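Engineer: Predicted model, plus sequence, below.
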2 protein chains.
Amino acid sequence: MAMNLSKVLVIGGTGYIGKYIVQGSAKSGHQTFALMREASLSDPVKGKIVQSFKDLGVTILNGDLSDKESLVKAIQHVDVVISTVGNSQILNQINIISAIKESGKHIKRFLPSEFGNDVDRTVAIGPAKTEFELKAEIRRVVEAEGVPYTYVINNCFDGYFLATLAQCESRLTSPPRDKVTIYGDGNTKAILNKEEDIAAYTMRAIDDPRTLNKTFFINPPKNIVSQNETVALWESKIGKTLEKTYVSEEELLKKIPESPHPLDLLFALNHAIFVKGDQTCFTIDPSSGVEASQLFPDVKYTSVDEYLSQFV
Amino acid sequence: MAMNLSKVLVIGGTGYIGKYIVQGSAKSGHQTFALMREASLSDPVKGKIVQSFKDLGVTILNGDLSDKESLVKAIQHVDVVISTVGNSQILNQINIISAIKESGKHIKRFLPSEFGNDVDRTVAIGPAKTEFELKAEIRRVVEAEGVPYTYVINNCFDGYFLATLAQCESRLTSPPRDKVTIYGDGNTKAILNKEEDIAAYTMRAIDDPRTLNKTFFINPPKNIVSQNETVALWESKIGKTLEKTYVSEEELLKKIPESPHPLDLLFALNHAIFVKGDQTCFTIDPSSGVEASQLFPDVKYTSVDEYLSQFV
């Protein structure tokens, strides 16, 4: 374990991306702390996650996002704070920011819960836009308070968007072999990353001065692909042509307000990403953004092609 | 139009249940106002909804949940305020409460955005619990500020839960005819209501002293059904037996943290409703709750049986 690696606190470690971040932090040799609610420890599912963290040498701290005292205490242990709290807790991160200020501790970097699209550049509409605005609100507080930050934009998670070829059928755990639905004309490019790679890039970013007060885009070139490209790749792997249904932008726009929560959000995200190109319709402004695979070319990321091969 | 019907302001009228509430308010003869963001008027989809409101005689007011001035102004026009804002805006309803206080206007009833399960009685876990806690937080502010309220608990929406037999395949617009997934053992009872009926009961509630400062449960007896009952009813209507896949509670609990947002929430809601019986595992406490079909037996609600018939 290198002596100069930052000590890391993860808040929200039992969440979807949180698990990978905690594991990635511990495995990359950072002394790692995870803030957990008392209730999570006795929860049958979360309890197992917590045990897996302990097995990796992670220190579990008792606390809660709404208990600032516990946040201030936890922050004393570390140099870097990574929040991976869920979407319904985005605004509660105000408590983390004020705990960082109150702690008196020199926190070298704070990563608020992002791990999606760039909410300052988004073209999302409706419920997706509303959710993104909450993240943008937190960014403004971070900046106003002068807390050193990195905003991690990992775009799509492979485990959901690639493993299912972006199908809403949430029970799919591998790409469909008969039918596939394509949003828009299927030519819009999205960016798909494997969860472990996202964690690896994130852990490299936290100690690097080049990512300080920057938006950190994980846009590795082999993972910038359209739905048509992904489907064609999958078809070539399984040697079969899928039956395709195209959902036009107009149909999708109609489905958003017609669908109850949280399906409205799912459709709005699909619209933003796969029709409007929310992840690829802009170039990174070098004054505010950096790209992960360029900064860390030694990180061996999993390409879309490699990822799909596991399901053949 | 009866002279003594309250004037109604709906905030969040282009949302899923909001549309039905605005329509139900206007059609039941209440002078109806809908607060809309400027951007909604020019939005292609929301613009059509707004036009349909105007055609019903609804007055569109310009404003925004985050612009308290606009809220205070809008409140001047009415006696009753109904919020149907989306889940990502629940906490922003603080602004409505403070606008009601500031307006100096005697508001006879405020209905915060609920329209789901009883968040004070819930057994939901994970992301569903977190979302429910936000609604509970708003309830506590409403009560502390002494704003007269009614909390409308409509349980499940037919348009999603019954029209699809609670299948996550969001592209279904009618019940499946080949396969169906059942959560748990399928015997837990849920409560399924048609959107128009929810609006009709809500409009009856707002002027009734029996619902003042009460939780208003829409639990009509014919609509309290288990998944097994609903599926059997559908099978008898189409004269065909569906292939059933059972998802155990354990599997579902595992899927929640393994699924990215918003699918984690969808699974957590299904777990709460269809496995744990979140809507039916308690009896209504008459000191704090009333039941809609008992209070308003003249409202002709659509039964699960009748609703399913439209798809045959």
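Structural biologist: Everything's here; your move. Residues are numbered from 1 along each chain as shown, chains lettered A, B, ... in the order given.

Engineer: Only C-alpha atoms from now on, for both contacts and neighbour counts.
Structural biologist: Noted.

Engineer: Next, the residue nearest to A:Asp120 when sequence neighbours are not counted: secondary structure please.
Structural biologist: Using Cα to Cα, 6 or more residues apart in numbering or on different chains and skipping residues adjacent in sequence, the residue nearest A:Asp120 is A:Ala136, 6.4 Å away. Three-state call for A:Ala136 (DSSP: H, G, I helix; E, B strand; the rest coil): helix.

Engineer: Looks like A:Ala136 contacts A:Asn117 (just checking).
Structural biologist: No - applying Cα atoms under 8 Å, one finds A:Ala136 not in contact with A:Asn117, separated by 11.0 Å.

Engineer: Next one: the residue nearest to A:Val312 when sequence neighbours are not counted, what pLDDT does it get?
Structural biologist: Take A:Val312 and drop its neighbours on the chain: the residue closest to it by Cα to Cα, 6+ apart is A:Ile238, 6.2 Å away. Looking at A:Ile238, its pLDDT reads 98.

Engineer: any idea how far A:Ile238 is from A:Pro297?
Structural biologist: 31 Å (Cα to Cα, to the nearest Å).

Engineer: who has more neighbours, those two?
Structural biologist: Neighbour totals were compared for A:Ile238 and A:Pro297, and A:Ile238 leads with 13 against 10 (other Cα atoms under 10 Å in any protein chain shown).

Engineer: how close does the more buried one sit to chain B?
Structural biologist: 24 Å (Cα to the nearest Cα, to the nearest Å).

Engineer: With A:Asn155 instead?
Structural biologist: Taking Cα to the nearest Cα, one finds A:Asn155 at 12 Å from chain B.

Engineer: dump the residue contacts of that residue.
Structural biologist: A:Phe115, A:Gly116, A:Asn117, A:Ala190, A:Ile191, A:Leu192, A:Asn193, A:Ile218, A:Asn219, A:Gln279 (Cα atoms under 8 Å, 6 or more residues apart in numbering or on different chains).

Engineer: The fourth one in helix, strand or coil?
Structural biologist: Here A:Ala190 is recorded as strand under three-state DSSP.

Engineer: Could you do the second one as well?
Structural biologist: Following three-state DSSP, A:Gly116 is assigned to coil.

Engineer: Now the phi/psi pair for it, please.
Structural biologist: phi -150, psi -130 (degrees, to the nearest 10).

Engineer: what's the neighbour count on the residue nearest to A:Gly184 when sequence neighbours are not counted?
Structural biologist: Closest residue to A:Gly184 apart from its sequence neighbours, by Cα to Cα, 6+ apart: A:Ser248 at 4.7 Å. A:Ser248 has 16 neighbours, counted by other Cα under 10 Å.

Engineer: Thought A:Tyr183 was touching A:Ser248, still the case?
Structural biologist: Yes - if you go by Cα under 8 Å, A:Ser248 and A:Tyr183 touch, sitting 6.3 Å apart.

Engineer: hey, where'd the strands end up in the stretch 51-200 of chain A?
Structural biologist: Here the stretch 51-200 of chain A has its strands, by DSSP state E, counting those that start in this stretch, at A:59-62, A:80-83, A:109-111, A:150-153, A:156-157, A:179-183, A:189-193.

Engineer: Need those in a markdown table (columns: mean neighbour count).
Structural biologist: Listed next are the strands of the stretch 51-200 of chain A as a markdown table, based on neighbours: other Cα atoms under 10 Å in any protein chain shown:
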| stretch | mean neighbour count |
| --- | --- |
| strand A:59-62 | 18 |
| strand A:80-83 | 25 |
| strand A:109-111 | 24 |
| strand A:150-153 | 24 |
| strand A:156-157 | 22 |
| strand A:179-183 | 20 |
| strand A:189-193 | 25 |
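
Engineer: Could you export these as CSV, including mean pLDDT?
Structural biologist: Formatted as CSV, those follow (pLDDT from 0 to 100):
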stretch, mean pLDDT
strand A:59-62, 98
strand A:80-83, 98
strand A:109-111, 98
strand A:150-153, 98
strand A:156-157, 96
strand A:179-183, 94
strand A:189-193, 98
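
Engineer: dump the residue contacts of the nearest residue to A:Leu165 once chain neighbours are set aside.
Structural biologist: Nearest residue to A:Leu165, sequence neighbours excluded (Cα to Cα, 6+ apart): A:Pro175, at 5.7 Å. The contact partners of A:Pro175, taken as Cα under 8 Å, 6+ apart, are A:Leu162, A:Ala163, A:Thr164, A:Leu165, A:Phe311.

Engineer: please redo it, this time with the cut-off set to 10 Å
Structural biologist: A:Phe161, A:Leu162, A:Ala163, A:Thr164, A:Leu165, A:Ala166, A:Gln167, A:Val231, A:Trp234, A:Leu308, A:Phe311, A:Val312 (Cα atoms under 10 Å, 6 or more residues apart in numbering or on different chains).

Engineer: what separates it from B:Gln93, distance-wise?
Structural biologist: Counting by Cα to Cα, the gap from A:Pro175 to B:Gln93 is 41 Å.

Engineer: Could you do A:Ala26 as well?
Structural biologist: Separation of A:Ala26 from B:Gln93 (Cα to Cα) stands at 40 Å.
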